[in-house]
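# Give me a 3D structure for the following:
(one chain, ligands or ions: 1)
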Amino acid sequence: MKKIGVFTSGGDAPGMNAAIRAVVRTCIYNKIEAFGIHEGYKGLINGAIDKMESAGVSNIIQRGGTILKSSRSEEFKTVEGRKKAFKSIQQFELDGIVAIGGDGTFTGAKIFNQEFNIPFVGIPGTIDNDLFGTDFAIGYDTAINTVVEAVDKIRDTASSHNRLFLVEVMGRDAGFIALRSGIGVGAEAILIPETQTYVNELIKKLKSNTRNHKESMIIIVAEGEELGGAYEIAKKVKEKCPQYDSKVTVLGHIQRGGSPSAMDRVLASRLGNAAVNALINNKTNVMVGIVNKEIVFTPFAKAIKHHTNINMELINLAEILSC
Ligand code: F6P
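Predicted coordinates:
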């Protein structure tokens, strides 16, 4: 390995900059030249690639977003697009690539690796935490903290007005953000796509909370919830219980921004370092993750196909503590 390229792709996540810094500095430590590829696969296709020096990644560990920018490239999904990307790799003589992103990023990397045999190592960077092969993806912890901070504020107004709030959080088709943040805010109910939601059961629960003298309530709704988003659920609740003064808040993209938590910074630093070491040791087509505090490697195909199962213990805990 003489030259390694790094890019961020898909939805940005807090801690991606810390990962870029770790990749660049580990390369330099090992006398490998590091190259930044701008806007993910789009930059690979267009040859938007620059050499990166140690000073270029100073003062970024604390910054949200990604200094390399990100995109979801439609062109890379075509054979023509991938041929152009291969040409850029040849032109810049890159020996390996570190791709920081989520399942879309690794699906692209897997196909590209099969077609052109370019060594790729992936770093999980997604607030959704929906990849198999790592306990935590970069950005997840910060996103949870953002949700908790926001819902604490909503709780103040909910409690002042005796209201029922339905708060919708991100996660695409997974409920990891909803479940963890729901426990963190002491939500009265958490609705996630991994478990079946019955409106009657939900109403029963809300009524029992009212009987227990709870005057305000918070329901966390995952955006991928099979019954629909927070507005949809609010409508269904209103039909059956018009007496509730209910409001909806969709937290949206604030969950993707902000300075990364200490946990995300350390995670990103470890994964960035491990990804470069993996390329040096001829590991390819794998995602690097941390399971039970240890670095592990998972083939792309497995990382993207199997979500880590939702933790049933946490679901039970949320149920017990919300009575
Ligand atoms: O994958 C991260 C994520 O924020 C999801 O939670 C969400 O569904 C999606 O990206 C939103 O994507 P975009 O920013 O392209 O609208």
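# tell me which residues in stretch 36-52 are buried?
36-46, 48-49, 52 (16 or more other Cβ atoms under 10 Å). Placement of C-beta: from N, CA and C, glycine included.
# pLDDT of it, averaged?
The average pLDDT within stretch 36-52 is 98.
# Quick one: end-to-end distance for that stretch.
End-to-end distance of stretch 36-52 (Cα to Cα, to the nearest Å): 6 Å.
# about what we covered before: which of the buried residues of stretch 36-52 fall within strands?
Counting by DSSP state E, the buried residues of stretch 36-52 place G36, I37, I49, M52 in strands.
# Quick one: residues contacting the first one.
Taking Cβ atoms under 8 Å, 6 or more residues apart in numbering as the contact definition, G36 lies against G5, V6, F7, I20, V24, I49, D50, K51, M52, G56, I67, L68.
# rerun at 6 Å
D50, M52, L68 (Cβ atoms under 6 Å, 6 or more residues apart in numbering).
# Find the nearest non-adjacent residue to the residue in the stretch 101-250 of the chain that the ligand sits nearest to, please.
Nearest residue of the stretch 101-250 of the chain to the ligand (Cβ to the nearest ligand atom) works out as M170 at 3.3 Å. Among residues not flanking M170 along the chain, Q255 sits closest, at 5.1 Å (Cβ to Cβ, 6 or more residues apart in numbering).
# now swap in V199 and tell me
Using Cβ to Cβ, 6+ apart, the nearest residue to V199 is K236, at 5.0 Å.
# ok, the helix or strand that contains the one you found near the ligand or not?
K236 is part of helix 230-240, with elements assigned from DSSP states H and E. No: shown here: helix 230-240 not in contact with the ligand (Cβ under 6 Å from any ligand atom), separated by at least 13.9 Å.
# Out of the contacts of G36, which is nearest to the ligand?
Nearest to the ligand out of the contacts of G36 is L68 (Cβ to the nearest ligand atom; 16.6 Å).
# Give me the three-state assignment for that closest one.
Counting by DSSP: H, G, I helix; E, B strand; the rest coil, the backbone at L68 sits in coil.
# Now for it: which residues touch it?
L68 touches F7, T8, G36, H38, counting by Cβ under 6 Å, 6+ apart.
# Apply 10 Å and report the result again.
By Cβ atoms under 10 Å, 6 or more residues apart in numbering, the contact list for L68 reads 6-9, 12, 16-17, 20, 36-40, 43, 48, 50, 52, 100.
# again, but for F35
Shown in contact with F35 (Cβ under 10 Å, 6+ apart): 3-7, 24, 27, 49-52, 89, 92-94, 97.
# what separates stretch 119-131 from the chain centre, distance-wise?
Remark: stretch 119-131 is offset 8 Å from the chain centroid, using Cα atoms, centre = their mean, to the nearest Å.
# Run a quick neighbour tally on M312.
10 (other Cβ atoms under 10 Å).
# Model confidence score at it, please.
For M312, the pLDDT comes out at 94.
# Surely it touches T195?
Yes: here M312 reaches T195: they are 9.2 Å apart, a contact under Cβ atoms under 10 Å.
# hmm, back to that, ok, and for the helix holding K236, which residues are buried?
Under the neighbour-count criterion of 16+ other Cβ under 10 Å, helix 230-240 has A230, I233, A234, V237 buried.
# and of these, the nearest to A150?
Distance to A150 across the buried residues of helix 230-240 (Cβ to Cβ) is lowest for A230, with 13.5 Å.
# Secondary structure class of S208, three-state.
Here S208 is helix, with the state taken from three-state DSSP.
# Return the residues in contact with it.
Contacts for S208 were tallied using Cβ under 10 Å, 6+ apart; they are E188, K214, S322, C323.
# Any idea what the nearest residue to the first one once chain neighbours are set aside is bridged to?
Same thing as E188. Among residues not flanking E188 along the chain, M217 sits closest, at 4.2 Å (Cβ to Cβ, 6+ apart). When assigned by DSSP bridges, M217 has beta-bridge partners L164.
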